[in-house]
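> quick one: sequence and predicted model below, then my questions.
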Amino acid sequence: MERDTDTAGTPAASGAQERRPRYVYLGPEGTFTQAALLQVTSPQEADLQPCPDVVTALERVRAGEADYAVVPIENSVEGGVNVTLDTLSTGTPLVIVGEMLVPVTFTLCARPGTRLEDVRRISTHPHAWAQCRRWITQHLDGATHVPATSTAAAAALLASDEPNPGFDAALCSELSARQYGLEVLAAGVADNPHAVTRFIRVARPGALPGPTGADKTTLMVHLADNEAGALLSMLEQFATRGVNLSRIESRPIGDSLGRYSFSIDAEGHLAEERVQATLIGLHRVCPTVRFLGSYPRADGRRPHVRPGTYDADFRAARDWVSGLLAGLRVSGD
Ligand SMILES: O=C(O)C(=O)C[C@]1(C(=O)O)C=C[C@@H](O)C=C1
């Protein structure tokens, strides 16, 4: 498991070795994001500060008020976390230096004395709601969703002195329900019991985590406007160098209808020749390419490297061309 070893964009890199790393995360206490954060550090090793939303957490890293942010990026049921993808794609550059996986199932909880059949309005994060829709229809048909900034924020409001929180129950982690002293009405709530959310550790650009042989590189690219085959030429850059993609999704750029950016996770590390060659190719065919980090995969899965795309193959090919050029120079004298 990845621990906080100060390998990238780090206080150590900027010369402040003695300072404890400062982490911000999507809070409050009890979120799945906090569970992800606790996979890589602890309150004994680092200062951990909850933030009310993803944008605030990332902006605090940009402003230098924190060294790392831990935020959700992708869920196996609901897909990409748009606010994270969009905030990383624009503004002052940030890089991903690690990823963590957390299995997610939910607990329906309420103020003591509430009966399951009385629950009409349920608050939770929209991703959590999407992962429990079928269960809600089966057990509480007609119940409506009150969106919250996180699963734990819904639980915290329910546990507060607020006389009318605007909902009867919260869908959150079992830990949150216990932490906030709520009564569990249903445990193990999930349409898909194997749902997993992927979280990232984000820093300001600095030294990259070294290659492990099981890494991912995250990119954001724009395509050439009104050009037939622009998407194909972008994808060809990966395919011809044997670089497999583990995620690709489009997001509106926002300036006019029909303009999209592509958020991509590719297998491999920037230190590897085939990834470098892919980036060189992308730079030639795409008007914008943003490098968002190379970091170890949480599942440790190594890519299948196609013959002809090993580092040694690229080096041998380059040496061959250099030899040709050297020969030409000799004969042109
Ligand atoms: O609300 C939380 O507890 C979070 O950590 C956020 C989040 C998400 O953004 O997807 C994380 C995991 C679950 O999928 C639901 C919500």
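That came in fine, so what should we check first? Numbers count the residues shown, from 1 in each chain.

> drop to CA atoms for contacts and neighbour counts, all remaining ones
Fine.

> give the contact list for the residue most central in space within the chain.
Nearest to the mean C-alpha position of the chain, by Cα atoms, centre = their mean, lies residue 73 at 2.9 Å. The contact partners of residue 73, taken as Cα atoms under 8 Å, 6 or more residues apart in numbering, are 80-82, 84-85, 197-200.

> so residue 238 belongs to a helix, correct?
Yes: assigned with DSSP: H, G, I helix; E, B strand; the rest coil, residue 238 falls within a helix.

> could you say which helix or strand holds the residue nearest to the centre of the chain?
strand 68-75 (DSSP states H and E).

> so what's the gap between that strand and the chain middle?
Distance of strand 68-75 from the chain centroid (Cα atoms, centre = their mean, to the nearest Å) equals 4 Å.

> run me through the strand neighbours of the helix or strand that it is followed by, direction for each.
Helices and strands here follow DSSP H and E; after strand 68-75, the next one along the chain is strand 79-80. When sheet partners are counted by DSSP bridges, strand 79-80 sits next to strand 68-75 (antiparallel).

> quick one: mean pLDDT over the strand it pairs with.
Here strand 68-75 scores 97 as its mean pLDDT.

> buried residues, that strand. List them.
Residues of strand 68-75 classed as buried by neighbour count (16 or more other Cα atoms under 10 Å): 68-75.

> go on, stretch 277-294?
277-279, 281-283, 285-286, 289-294.

> what about dumping the CA coordinates of that stretch to CSV?
Only the C-alpha atoms of stretch 277-294 are listed here, as CSV (Å, rounded to 0.1, in the frame of the first residue of the first chain):
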residue,chain,number,x,y,z
ALA,A,277,6.7,8.8,-27.4
THR,A,278,2.9,8.9,-26.9
LEU,A,279,3.1,12.4,-25.4
ILE,A,280,5.3,13.6,-28.2
GLY,A,281,2.7,12.3,-30.6
LEU,A,282,-0.2,13.9,-28.7
HIS,A,283,1.6,17.2,-28.6
ARG,A,284,1.9,17.1,-32.4
VAL,A,285,-1.8,16.3,-33.1
CYS,A,286,-3.7,17.9,-30.2
PRO,A,287,-4.0,21.7,-29.6
THR,A,288,-3.8,21.2,-25.8
VAL,A,289,-2.3,18.4,-23.7
ARG,A,290,-2.1,18.7,-19.9
PHE,A,291,0.0,16.3,-18.0
LEU,A,292,-1.7,15.4,-14.7
GLY,A,293,0.8,13.0,-13.2
SER,A,294,2.4,9.5,-13.3
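
> which of the buried residues of stretch 277-294 fall within helices?
Counted as lying in helices by DSSP state H, out of the buried residues of stretch 277-294, are 277-279, 281-283, 285.

> picking that back up, which one among the contacts of residue 73 gets closest to residue 45?
Residue 45 lies nearest to residue 200 out of the contacts of residue 73, by Cα to Cα, at 18.7 Å.

> just send the buried residues of stretch 277-294 back as JSON lines, with pLDDT and distance to residue 248 too.
Putting the buried residues of stretch 277-294 into JSON lines (pLDDT from 0 to 100; distance: Cα to Cα, whole Å) gives the following:
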{"residue": "277", "pLDDT": "98", "distance to residue 248": "19"}
{"residue": "278", "pLDDT": "98", "distance to residue 248": "15"}
{"residue": "279", "pLDDT": "98", "distance to residue 248": "16"}
{"residue": "281", "pLDDT": "98", "distance to residue 248": "18"}
{"residue": "282", "pLDDT": "98", "distance to residue 248": "15"}
{"residue": "283", "pLDDT": "98", "distance to residue 248": "18"}
{"residue": "285", "pLDDT": "96", "distance to residue 248": "18"}
{"residue": "286", "pLDDT": "97", "distance to residue 248": "16"}
{"residue": "289", "pLDDT": "98", "distance to residue 248": "14"}
{"residue": "290", "pLDDT": "98", "distance to residue 248": "14"}
{"residue": "291", "pLDDT": "98", "distance to residue 248": "14"}
{"residue": "292", "pLDDT": "98", "distance to residue 248": "14"}
{"residue": "293", "pLDDT": "98", "distance to residue 248": "15"}
{"residue": "294", "pLDDT": "98", "distance to residue 248": "16"}
